[in-house]
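Chemist: A structural model of the following input is requested.
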Amino acid sequence: MIGRLTLSDFRNHADALIVPDHGFILLTGDNGAGKTNILEAVSMLAPGRGLRGAALRAMARQGGPGGFGIAAEVDGVVLGTGVAPTAPDRRQVRIGGVASSANALADHLSIVWLTPAMDRLFLDSPGGRRRFLDRLTLALHPSHAAHSARYDAAMRARNRLLGDLRRADPLWLAALEAQMGEHGAALAEARADLIARLGVVLADQPDAPFARPRIAIEGEEGEGALSERLGRERRRDAAAGRTLSGPHRDDLSVIHVAKGQAAALCSTGEQKALLLSILLAHAALVAADRGQPPVLLLDEVAAHLDPLRRAALFERLDATGGQVWMTGTESPLFSDLRSATRLAVTAGHVFRSTV
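Modeler: This next block holds a predicted model:
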């Protein structure tokens, strides 16, 4: 768990200090006060671009020096990340005071989030669902981020060469395709492991009060190893201007079990319930696998739930044993929480609240 969080010049927070004393951290305040910014700061303690997927320079406080810093104490180790004013697009990471890579953060902390923007996850592009799938996978397989980065780098280099296939060096293309095959196989294996194990946990969940999902990976399969397929498909990919085979084309399939219906065809409330079921099952899986549950970031999670489902959600979140950061505009929505670190956020300032 995060024992201490400090922000410097991050978004609308010139400086902030949060020292949680409960597993639940509740941030309440008006829209635009800076609640989600705090969740985004926590999400930056994981590999990737955080829960908004924003550019680094966009996270620096307007009117500030141009950089920002985030630090958290986790099991006696200080994790830090940020950018310097002189290099606003270059992320720096320090673990225990030593410079490190962003991917190494996954060895110390697993973080999963749910935001209002994800309510349309099942209606949006496969890319959004793939990123969600990879975030869940990363919590169980910390090396997943490194494999993903290397696969993407090799694919970008291959796509550039395919732009002029007649002049491209076939040996260099083969080397890139071998890299894609190696890292692509690792990506596919980790995703498949997550889906299989998560499916076992979901199978034991009740159908109510949250919808029970059945999940699977949909992807294009072909004969032979990926590197061999890529070699055969160079002309096709050159004509398309991109690589058309590989794990970067996978999609996450979700079915509402009780209705036998694809998630994309379910109501908005049912889709939110399906997402919550997946997230809660994942938290239980990570806790059993890593010996520590993930940190959950839930932005406006209670806003569209009826009292029965809110109470059930808080009970199940408490049962995970993990740290849960939640935001909301109205404190009464969280009246069922028995204990929490309650904080009021106002115009970039954070105060203790008794409400």
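
Chemist: domains for the chain, by residue range?
Modeler: With domains defined by automatic domain parsing, the chain comprises 1-110+295-355, 122-291.

Chemist: can you lay out those domains as TSV showing distance to Pro116 and mean pLDDT?
Modeler: No exception for glycine: its C-beta is placed from N, CA and C like everyone else's. Rendered in TSV, the data for these read as follows (distance: least, Cβ to Cβ, whole Å; pLDDT from 0 to 100):
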stretch	distance to Pro116	mean pLDDT
domain 1-110+295-355	5	92
domain 122-291	9	91
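
Chemist: I'd like these written out as CSV, with mean neighbour count added.
Modeler: Below are the domains of the chain laid out as CSV (neighbours: other Cβ atoms under 10 Å):
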stretch, mean neighbour count
domain 1-110+295-355, 18
domain 122-291, 17
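
Chemist: contacts for the helix or strand Arg135 falls within?
Modeler: Per DSSP states H and E: Arg135 is located in helix 126-140. By Cβ atoms under 8 Å, 6 or more residues apart in numbering, the surrounding residues in contact with helix 126-140 are 46-48, 53, 106, 110-113, 118, 121-122, 144-145, 148, 190-191, 193-194, 197-198, 217, 248-252, 278, 282, 285-286, 289-290, 294.

Chemist: keep only those of these that are in helices.
Modeler: 144-145, 148, 190-191, 193-194, 197-198, 278, 282, 285-286, 289-290 (DSSP state H).

Chemist: ranges for the helices of the stretch 151-300 of the chain?
Modeler: For the stretch 151-300 of the chain, helices defined by DSSP state H, counting those that start in this stretch occupy the ranges 170-203, 226-232, 234-240, 268-290.

Chemist: residue closest to the middle of this protein?
Modeler: Centroid-nearest residue in the chain, with Cα atoms, centre = their mean: Arg135, separated by 4.0 Å.

Chemist: ok, Ser232 - contacts?
Modeler: One thing to correct before we go on: residue 232 is Arg, not Ser. Counting by Cβ under 8 Å, 6+ apart, Arg232 has no contacts.

Chemist: ok, it to Glu177 distance?
Modeler: 10 Å (Cβ to Cβ, to the nearest Å).

Chemist: do the same with Gly97
Modeler: Taken as Cβ to Cβ, the span from Gly97 to Glu177 is 40 Å.

Chemist: same question, Ala72
Modeler: According to Cβ to Cβ, Ala72 stands 40 Å off from Glu177.

Chemist: may I ask which helix or strand encompasses Thr354?
Modeler: Short version, using DSSP H and E: Thr354 is in no helix or strand.

Chemist: excluding chain neighbours, what is closest to it?
Modeler: Nearest non-adjacent residue to Thr354, counting by Cβ to Cβ, 6 or more residues apart in numbering: Arg342, 6.9 Å away.
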